[in-house]
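Sequence isn't available, so here's the structure alone:
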């Protein structure tokens, strides 16, 4: 079965689910469209009440929701609790702001005699959300909170290793008062995504996942003339300038690379340090990484989680070996990780030459790539020498100068003196191989609406 919950720390299979049939999927699409016909007419205050209720339920039952994340994908229990709260904040944000964000806009037409022009924002209909396993609630919340608030209805195709979290998302929205059919979790196979997108009642798709999955879904959506947004991989640059506060910077580097077990699209994967600081940074960073403690993710003392599955751990180890085969130096750091669980030894990759293909890879786990830059300009060059363009960061004692450097880095998001973060009130998205479109804020809620012009014209015909 494609949908199976396996505890990545113990290896225990806790629950399996049957895949949806084609009939199940078509029925869900039809019910979602039926729900849309009434949901789109529901007032913003009524929708907001449901979004706020979802936030309240997440906070009320935070421990139960968090426990499920740790059981299914190995997230540290403290990080799981933080994800539940972040998801609650996203629902709350749209409960408060959706009506204002989608308010009709009067356009300043050049010739007032031509009439009064207004831009209104109307929902498109049934949407498909294809979501990954690394943030099972947050990834879902950041698409369904805005799009349900806009009046759309949604079908969820979640990752195969988090089926219980997927079911919890549907249960949450039903308990919050969302009409049945307006948000449905489907245990669909990858091969059935095309079936969904080709259905005439489905109007768009939002995917967070790998480059390959994104390309496949984009092709299918394009063939069906459906709107799509993609949030794909990232290899965020962590640029350290010569005047950076070394102690503070190293602490952020260790955190920025290893939170969520290093399984984050916007984690700090490429450390780019100007040569004046490189040796000291490497020494301090190695000490910091060595201080991480791998173990039971339910243990508050654990600071390094297992990877989401044994397959993910094996794939990452193979990637490290490939990088070394192309000339990189791999240094394993810290005490040996436990034999039990899907752990990978924290590893620092250095001596990565320009012709080593690993410099363009996304290592999804506790693997750091370090680059020595000749100066600031060279650091920017290395940062931009990537197929990805999601997030990044610049560390310096001069924030104003850091902002100038940030403008030179070609990504969707850049932070000064902080690793790339995720917040309810910050937009999220990238460029190039990191995808297209934005989630959260007004940018996110307007991705799947019809920006319709209504122009009232009252003049005599020319003949």
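Here it is on my side, so go on. Note that the structure is predicted; figures quoted are calculated from it, not measured.

can you give me the helices for the stretch 101-250 of the chain?
Counting by DSSP state H, counting those that start in this stretch, the stretch 101-250 of the chain has helices at residues 138-150, 163-176, 193-198, 211-223, 246-258.

and the second one, what other elements does it pack with?
Meaning helix 163-176. strand 3-6, strand 13-17, helix 44-60, helix 62-73, helix 138-150, strand 153-157, strand 183-185 (3 or more C-beta pairs under 8 Å, 6 or more residues apart in numbering; DSSP states H and E). Heads up, the C-betas are built off the backbone N, CA and C, glycines and all.

again, 10 Å this time
strand 3-6, strand 13-17, helix 44-60, helix 62-73, helix 77-101, helix 138-150, strand 153-157, strand 183-185 (3 or more C-beta pairs under 10 Å, 6 or more residues apart in numbering; DSSP states H and E).

Give me the angle between the longest one and helix 163-176.
Read it as helix 77-101. Per axes from the mean of the first three to the mean of the last three C-alpha atoms, to 10 degrees, the angle that helix 77-101 makes with helix 163-176 is 40 degrees.

could you check the angle helix 138-150 makes with helix 77-101?
20 degrees.

Over to the third one?
Our comparison of helix 44-60 with helix 138-150, counting by the same axes, to 10 degrees, yields an angle of 160 degrees.

And the helices of the stretch 101-250 of the chain: which comes nearest residue 303?
Nearest to residue 303, of all these, is helix 246-258, at 7.8 Å by C-beta to C-beta.

how far is the next helix or strand after the closest one from where the chain is centred?
Moving toward the C-terminus from helix 246-258, the next helix or strand (DSSP states H and E) is strand 268-274. Mean-position distance between strand 268-274 and its chain equals 21 Å (C-alpha atoms, centre = their mean, to the nearest Å).

relative to helix 246-258, how tilted is strand 268-274?
150 degrees.

Paired strands for strand 268-274, with orientation please.
Looking at strand 268-274 with DSSP bridges, its partner strands are strand 236-240 (parallel), strand 367-373 (parallel).

Which element is encountered next along the chain beyond that strand?
Once the chain leaves strand 268-274, the next helix or strand it forms, by DSSP H and E, is helix 275-290.

Show the average pLDDT along that following helix.
For helix 275-290, the mean pLDDT works out to 98.

quick one: low-confidence parts of the stretch 101-250 of the chain?
Scanning the stretch 101-250 of the chain with the threshold set as pLDDT under 70 gives 110-114.

run the last query once more with 90
Applying pLDDT under 90 to the stretch 101-250 of the chain flags the ranges 107-117.

Could you find the closest non-adjacent residue to residue 185?
residue 170 (4.2 Å; C-beta to C-beta, 6 or more residues apart in numbering).

re the thing from before, which of the helices of the stretch 101-250 of the chain sits most buried?
A comparison of those by mean neighbour count, using mean count of other C-beta atoms under 10 Å, puts helix 138-150 on top with a mean of 28.

surely the residue nearest to residue 185 meets residue 164?
No: applying C-beta atoms under 10 Å, one finds residue 170 not in contact with residue 164, separated by 11.1 Å.

which residues do these two both contact?
Counting by C-beta atoms under 10 Å, 6 or more residues apart in numbering, the common neighbours of residue 170 and residue 164 are residue 158.

Walk me through the domains of the protein.
For the chain, automatic domain parsing gives the domain ranges 3-231, 236-416.

Tell me what the residue nearest to residue 230 when sequence neighbours are not counted is bridged to.
Counting by C-beta to C-beta, 6+ apart, residue 435 is the residue found nearest to residue 230 once chain neighbours are left out, at 3.5 Å. Note on residue 435: beta-bridge partners by DSSP bridges are residue 231.

Which pLDDT value belongs to residue 435?
With respect to pLDDT, residue 435 has a value of 97.

my guess is it meets residue 389, correct?
Yes: between residue 435 and residue 389 there is a contact under C-beta under 10 Å: 8.9 Å.

The two: which is more packed in?
residue 435 (27 against 23; other C-beta atoms under 10 Å).

From the chain's centroid, how far away is stretch 21-37?
Chain-centre distance of stretch 21-37: 26 Å, with C-alpha atoms, centre = their mean.

Now do the buried residues in it.
Neighbour-count burial for stretch 21-37, counted by 16 or more other C-beta atoms under 10 Å, picks out 24, 25, 28, 29, 31, 32, 33, 34, 35, 36.

now the domains of the chain as a markdown table including distance to residue 454?
Output for the domains of the chain, formatted as a markdown table (distance: least, C-beta to C-beta, whole Å):
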| stretch | distance to residue 454 |
| --- | --- |
| domain 3-231 | 5 |
| domain 236-416 | 32 |
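
Looking at these, which is nearest to residue 442?
Among the domains of the chain, domain 3-231 comes nearest to residue 442, with 4.4 Å by C-beta to C-beta.

from the chain's centre, how far out does that closest one sit?
Chain-centre distance of domain 3-231: 13 Å, with C-alpha atoms, centre = their mean.

try stretch 345-365
In terms of C-alpha atoms, centre = their mean, the centre of stretch 345-365 is set 22 Å apart from its chain centre.

likewise stretch 419-434?
With C-alpha atoms, centre = their mean as the basis, stretch 419-434 stands 8 Å off its chain's centre.

so how far is residue 191 from the residue nearest the centre of the chain?
Per C-alpha atoms, centre = their mean, the C-alpha nearest to the average position across the chain is that of residue 139, at 5.6 Å. In this view, residue 139 and residue 191 are 22 Å apart by C-beta to C-beta, to the nearest Å.

Next: residue 64.
Counting by C-beta to C-beta, the gap from residue 64 to residue 191 is 33 Å.

Which one of those two is surrounded by more residues?
The neighbour comparison of residue 64 against residue 191 (other C-beta under 10 Å) goes to residue 64, with 11 against 8.

and stretch 347-366, which residues are buried?
347-350, 352, 356, 358-359, 361-366.

so can I have a markdown table of those residues showing secondary structure, pLDDT and distance to residue 185?
Shown next, in a markdown table, are those (DSSP: H, G, I helix; E, B strand; the rest coil; pLDDT from 0 to 100; distance: C-beta to C-beta, whole Å):
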| residue | secondary structure | pLDDT | distance to residue 185 |
| --- | --- | --- | --- |
| 347 | strand | 98 | 36 |
| 348 | strand | 98 | 40 |
| 349 | strand | 98 | 38 |
| 350 | strand | 98 | 44 |
| 352 | coil | 97 | 41 |
| 356 | coil | 97 | 42 |
| 358 | helix | 97 | 37 |
| 359 | helix | 96 | 39 |
| 361 | coil | 96 | 32 |
| 362 | coil | 97 | 27 |
| 363 | coil | 97 | 31 |
| 364 | coil | 96 | 24 |
| 365 | coil | 97 | 27 |
| 366 | coil | 98 | 31 |
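
Closest one of these to residue 284?
The closest of those to residue 284 turns out to be residue 348 (C-beta to C-beta; 12.1 Å).

give the contact list for the closest one.
Residue 348 is in contact with 257, 271, 282, 285-286, 289, 329-333, 366-370, counting by C-beta under 10 Å, 6+ apart.
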